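> Need coordinates for the below:
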Amino acid sequence: MIDKVVEDIDAAIADIHDGATVMIGGFGRAGQPVDLIDALLRHGAGDLTIVSNNAGNGDVGLAALLQAGKGRKMICPLPPQNDSWAFDRRYRAGASGLEPGPPGNPVGRSPAAGAGIPGFYGPTGVGTLLCEGVETREFGGRECVLVEALHADFALIQGYRADRLGNVQYRKTARNFGPPMATAATTTIVQVDEVVPVGDLDAESIPTPGIFVDRVVPVGWREWTPDGRYVGGLVDVNGQPVETGIDPHEGHTKATDHKPSGTEGTR
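Residues are numbered from 1 along each chain as shown. Just a heads-up that it's a prediction; the model follows:
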């Protein structure tokens, strides 16, 4: 019987090795697999090439991983933010490399890898410094740049529900980079709030089929979504309630004084 559920989160990521390329889902904190990242931090693998849309927020999740010096290089279209001080410090100190690119390209590079396509032409970034020296070709009168597919050894993704076969659903905007990254990695590990019996998920509403998933790790409902119901409020960049966290209006960031803290809004 196929059963991809791994109850022990530390065991689920134990084979992530030094020097691995790891894709981490999420758009900021939305959909970021914080529990898996924390387990990876405990595991201690380093010299990682990390692929993500952002370079961490505040001091938690991906930011904590970078702050601990586990990332050798970031492949990331949106690295500098008001709350990305963990990466900013390491990059300016020469301790972390960066491969930037137009935001649209990572969305295409991951599924290209999953589909076995070595590269594709796209118009995003034409004529900018980000694509300087890259091969170009004209299609229908429009200049396009050659973009290589992006593969990874591992993908860490946050889902909402899954079954034991590895079929995964996401919750609203937390879906973002999960589906394309799941197709591009040799090993895909998904944390979910709940594992349900096979057949409980609507077959027409499964963005990530089990064929792309190797391990499912149940982490339980979040405090702000008990039983899937949203009860969250305004939080800061570390996911703390504004009443007890960083005040978005009066506080200051670790990057620059007297600027808003980069509040994430609602959870």
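
> Next, find the distance separating residue 105 from residue 135.
Distance, residue 105 to residue 135, using Cβ to Cβ, to the nearest Å: 14 Å. The C-beta positions use only the backbone N, C-alpha and C, and glycine is treated the same way.

> which of the two has more neighbours?
It is residue 105, of residue 105 and residue 135, that has more neighbours when counted by other Cβ atoms under 10 Å, with 21 against 11.

> okay, now the domains of this protein?
Using automatic domain parsing, the domain parsing of the chain gives 9-124+132-220, 230-267.

> Using TSV, please lay out the ones you listed together with distance to residue 3 and mean pLDDT.
Shown next, in TSV, are the domains of the chain (distance: least, Cβ to Cβ, whole Å; pLDDT from 0 to 100):
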stretch	distance to residue 3	mean pLDDT
domain 9-124+132-220	5	93
domain 230-267	30	53
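
> Contact partners for residue 20?
Taking Cβ atoms under 8 Å, 6 or more residues apart in numbering, we find residue 20 in contact with 45, 48-49, 153-154.

> And for residue 166?
Contacts of residue 166 (Cβ under 8 Å, 6+ apart): 2, 4, 190, 209-216.

> One more: residue 48?
Each residue near residue 48 by Cβ under 8 Å, 6+ apart is listed here: 18-22, 65, 70-72.

> Can you give me the buried ones in stretch 29-43?
29-41, 43 (16 or more other Cβ atoms under 10 Å).

> what's the answer for stretch 215-227, then?
Buried residues in stretch 215-227, counted by 16+ other Cβ under 10 Å: 215-219, 222.

> For stretch 126-146, could you pull out the residues that count as buried?
In stretch 126-146, counting by 16+ other Cβ under 10 Å, buried: 130-131, 144-145.

> same question, stretch 43-52
By neighbour count on 16+ other Cβ under 10 Å, the buried set for stretch 43-52 is 43, 45, 48-52.

> Next, count neighbours for the nearest residue to residue 63 once chain neighbours are set aside.
Closest residue to residue 63 apart from its sequence neighbours, by Cβ to Cβ, 6 or more residues apart in numbering: residue 56 at 3.1 Å. As a burial measure, residue 56 scores 34 neighbours (other Cβ under 10 Å).

> For residue 56, give me its contacts.
With contact taken as Cβ under 8 Å, 6+ apart, residue 56 is in contact with 62-67, 84, 86-87.

> Just the closest of these to residue 173, please.
Taking Cβ to Cβ as the measure, residue 173 lies nearest residue 62 of those, at 16.8 Å.
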